[in-house]
Structures are given as structure tokens and as C-alpha cells.
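Chemist: next one to model:
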Amino acid sequence: MVTLAEVAQHAGVSASTVSYVLSGKRSISATTRHRVEQSIRELGYHPNAGARALASSRSNIIALMIPLRTDMYVPVMMEIAIAVATTARTHGYDVLLLTGEEGPDAVRRVTGSGLADAMILMDVELDDDRLPLLRDGGAPARAKPRVGDDQPSVLIGLPADTTGLTCVDLDFAATGALCVEHLAKLGHRDIAVIGEAPAVYERHTGFAERTLDGLRSRARELGLRVLHRPCEGGYDAMAVTLARVFDERPATTGFVVQNESAVEPLLALLRQQGRAVPEDVSVVAICPDQVATQASVRLTSVAIPAQEMGRHAVEHLVAKLDGRGSDEVVLIAPELTVRASSGPVPSGS
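Modeler: Here you go, the predicted model:
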């Protein structure tokens, strides 16, 4: 194993200079820094993580809280997690993955133990009970934060109140509005929204609530009627939901689907009922491009920018750790891709 002393000898500098280059605690000339970094690469030197943590008071670990609930589409969550992990690695950080549904207890455990230098939270609810701890820098409840208690954090998601927080997310309100606008331009007046599982709305999960708010608001402005029905996903649940939609709104000609597991069952059931897509019914989905392009009918969709969300979250977190970041909300503008599942409203509708 290559030692720090060997790196110093190879670069022609002192061991303390190598240590300063690694820790960033002192200003080193660009020429010397480049020479040391080149020696590190050529020799394949890897600093001891424990020693580095003791020297810098940092663990060089980012905690990622990603509750893996059965009512969420796990592939999207994991794509974001992979983007977080790969981006973090480019900045010299590893990722501690927390998949349980522990809420504030997990925040307290991580911040209290010093396991991680910073946190990224996913599956954010409008009134998330983890947020007071983040605003207090991770200090225990009712305790005044001390200098040094502050632990940077970033949310992938948007709560109702973003004060004192840094958030990265797709602009889901604009996403809902964009889907409605597309169907309205095609002449559709009655639209049904096939939503996430009921539990997602019961938790007031931010992305689902904001999509619905944006969709309904734009529909009112355009004079469209909207019927929203949550759905567990899967064929049987979708069959019940679809029957209910056409029973309550027989004139429905447009669907917006925000539930990946409901996409293919919906298309299959429409075919069974003799409703052609898009000649009789148009379908617009909010889903990953892979789901949209591999469906039995290529779906007009707004993609979930999972990789971009994960990358932005880490970059903002690293900026905070380096003392450069500030609290802000970053909303990624939605982009709608028109494919084979949407078309003009049928004549006579």
C-alpha cells in the first residue's frame, strides 16, 4: 500500500505539504498542488478514511434518506440514488443509504453520531416531520443548536414551506399544467387523472399534490373538466378505476397518468373496451422515458429527470460543505415529448 511519505518523496515535497493538499487546510501554490495530485494518481495513493476523518473532522460521507415504500415506483427512486452516488464520488464523497421509514429518528441518529457530513432527503411530504430538525441543523428537539452542529442538507422534493431549506425537484405544478395544455390544444374537454396509490395522497407527498394542483389550476383557466382518481396500479385496480371514470364521466376523452404501474393496464383495458388510442382516447403520462417508449403504445409524456435531480442535489450539497452554497429552490422545467398516444378529440365528442 502506498504511503503519504512515498507520495511526498515522489512529488519532491514534504509530507505536510501532501497533507495540506489533501485536506485543503492551507493555501498551496497551483504548481505544487498539480505535482502532488499527479503523484497521487501515478502511485494510486488512497488516504486512510479513518485518519482523514480524524484530521479533518469530516467523514466524507453523504447520507441519502430514501424510504422504499411499496406504493412508490422504486426504479425512479433508485435511478436518483445512483445519480447521487456517482456524482458524490466525483467530489470525493461516499453515500450512506437509509431506506427505512424512520423519519426524524433517522435524522437524529445520523446527525448525532457524526456518521455523515451532510444529508439528502427524498420522498418529501408537504408537511414533512423531518424538516424542523434540518432547519435546526440536526440538533435534538428543544435544544438550541451549537456552533458546529449545523449539518448541510438538500431535499429532492418540495415541501409546503421551503424557508431555510435547499430543494431540488422537477416543477411538478408546471408538469400538470403542461399535460392539460397539450390535451386542451387537441380539443379535449373532459380529462381523467389516474393518480398514484391513495396512500401517496394521504401522506400529502409533495410531487403528487403539486402535480394535481398545477393540473387543476390550468384546467380551470382553460375551462376543462377534471376527474382525479388515485389507483393502486396493476390490472385489477385499474379495471375498477377505469370503470368508475367512465361511469362518472362518460364523455372522458383524455387521460393523464401519474402512476407507472397503471400505464400498461390502462392501455390494455382501453383496447378491450374497443377504445383506440389515440383515435378515441388520448393518454399523456408523467413517467420515465423508458416506460413511455416501451409501452404498447408509445406514450406522449413528461419525463422524470432523475439523473439531473440527483446530480443537482449533490452539487448544491457540496457547495454548502465548501461554504459556497445558500438556501434556494431549484425547479427543473418540464419537457413534454409528443408520441403516438395523443391526438385530436374524436369528432362529435
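Chemist: every contact and neighbour count from this point should use C-alpha atoms.
Modeler: OK.
Chemist: need the helices for the stretch 101-250 of the chain, in chain order.
Modeler: Chain-ordered helices for the stretch 101-250 of the chain, with DSSP state H, counting those that start in this stretch as the definition, fall at 104-113, 131-135, 172-185, 198-202, 206-222, 235-248.
Chemist: turn these into JSON lines, including mean pLDDT and mean neighbour count.
Modeler: As requested, these are exported to JSON lines (pLDDT from 0 to 100; neighbours: other C-alpha atoms under 10 Å):
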{"stretch": "helix 104-113", "mean pLDDT": "84", "mean neighbour count": "16"}
{"stretch": "helix 131-135", "mean pLDDT": "86", "mean neighbour count": "20"}
{"stretch": "helix 172-185", "mean pLDDT": "98", "mean neighbour count": "22"}
{"stretch": "helix 198-202", "mean pLDDT": "96", "mean neighbour count": "15"}
{"stretch": "helix 206-222", "mean pLDDT": "98", "mean neighbour count": "19"}
{"stretch": "helix 235-248", "mean pLDDT": "98", "mean neighbour count": "15"}
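Chemist: tabulate those helices (TSV), appending distance to Asp94.
Modeler: Putting the helices of the stretch 101-250 of the chain into TSV (distance: least, C-alpha to C-alpha, whole Å) gives the following:
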stretch	distance to Asp94
helix 104-113	15
helix 131-135	21
helix 172-185	29
helix 198-202	30
helix 206-222	27
helix 235-248	40
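Chemist: out of those helices, nearest to Gly164?
Modeler: Ranking the helices of the stretch 101-250 of the chain by their distance to Gly164 (criterion: C-alpha to C-alpha) puts helix 131-135 first, at 6.0 Å.
Chemist: counting by contacts, list what that closest one packs against.
Modeler: Using 3 or more C-alpha pairs under 8 Å, 6 or more residues apart in numbering; DSSP states H and E as the contact test, the elements touching helix 131-135 are helix 104-113.
Chemist: mind checking how far the helix it packs on is from the chain centre?
Modeler: Computed by C-alpha atoms, centre = their mean, to the nearest Å, the chain-centroid distance of helix 104-113 equals 21 Å.
Chemist: could you export it as CSV, keeping only the C-alpha atoms?
Modeler: This file holds the C-alpha atoms of helix 104-113, laid out as CSV (Å, rounded to 0.1, in the frame of the first residue of the first chain):
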residue,chain,number,x,y,z
PRO,A,104,-37.0,12.2,12.3
ASP,A,105,-35.3,9.3,14.3
ALA,A,106,-33.0,8.6,11.3
VAL,A,107,-32.1,12.3,11.1
ARG,A,108,-31.2,12.4,14.8
ARG,A,109,-29.3,9.2,14.6
VAL,A,110,-27.1,10.3,11.6
THR,A,111,-26.5,13.9,12.9
GLY,A,112,-25.9,12.8,16.5
SER,A,113,-23.4,10.1,15.6
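Chemist: show me where pLDDT drops low in the stretch 51-200 of the chain?
Modeler: 51-57, 136-150 (pLDDT under 70).
Chemist: bridged to the spatially most central residue of the chain, which residues?
Modeler: The centroid of the chain falls nearest to Ile156 when counting by C-alpha atoms, centre = their mean (4.5 Å). When bridges are taken as DSSP bridges, the partners of Ile156 come out as Val168.
Chemist: in contact with it, which residues?
Modeler: For Ile156, the residues meeting the contact criterion (C-alpha atoms under 8 Å, 6 or more residues apart in numbering) are Ile120, Leu121, Met122, Asp123, Val124, Cys167, Val168, Asp169, Met309, Gly310, Ala313.
Chemist: and the last one, what helix or strand is that in?
Modeler: Mapping Ala313 onto the secondary structure by DSSP states H and E places it in helix 306-321.
Chemist: all strands of the protein, in order?
Modeler: Chain-ordered strands for the chain, with DSSP state E as the definition, fall at 61-65, 94-98, 118-121, 153-156, 167-170, 190-195, 225-230, 254-257, 282-286, 300-302, 329-332, 336-337.
Chemist: next one: the fourth one to chain centre, how far?
Modeler: Right, the one you point to is strand 153-156. That offset, for strand 153-156, works out to 9 Å (C-alpha atoms, centre = their mean).
Chemist: same check, this time on the last one
Modeler: Here strand 336-337 is found 19 Å from its chain centre; the criterion is C-alpha atoms, centre = their mean.
Chemist: got it, and the first one?
Modeler: Relative to its parent chain, strand 61-65 has a centroid offset of 14 Å by C-alpha atoms, centre = their mean.
Chemist: packing partners of that strand?
Modeler: Helices and strands in packing contact with strand 61-65 are listed as strand 94-98, strand 118-121; criterion 3+ C-alpha pairs under 8 Å, 6+ apart.
Chemist: want to throw the ones you listed into CSV with mean neighbour count and distance to Gln273?
Modeler: Supplementary listing: the helices and strands packed on strand 61-65 in CSV, determined by neighbours: other C-alpha atoms under 10 Å; distance: least, C-alpha to C-alpha, whole Å:
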stretch, mean neighbour count, distance to Gln273
strand 94-98, 18, 44
strand 118-121, 25, 42
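Chemist: to Arg298, which of these lies closest?
Modeler: With C-alpha to C-alpha as the measure, strand 118-121 is the member of the helices and strands packed on strand 61-65 nearest Arg298 (32.6 Å).
Chemist: any idea how far Arg339 is from Phe255?
Modeler: As for Arg339, its distance to Phe255 is 14 Å (criterion: C-alpha to C-alpha, to the nearest Å).
Chemist: tell me which of the two has more neighbours.
Modeler: In terms of neighbours (other C-alpha atoms under 10 Å), Phe255 is the more surrounded of Arg339 and Phe255; the figures are 25 against 16.
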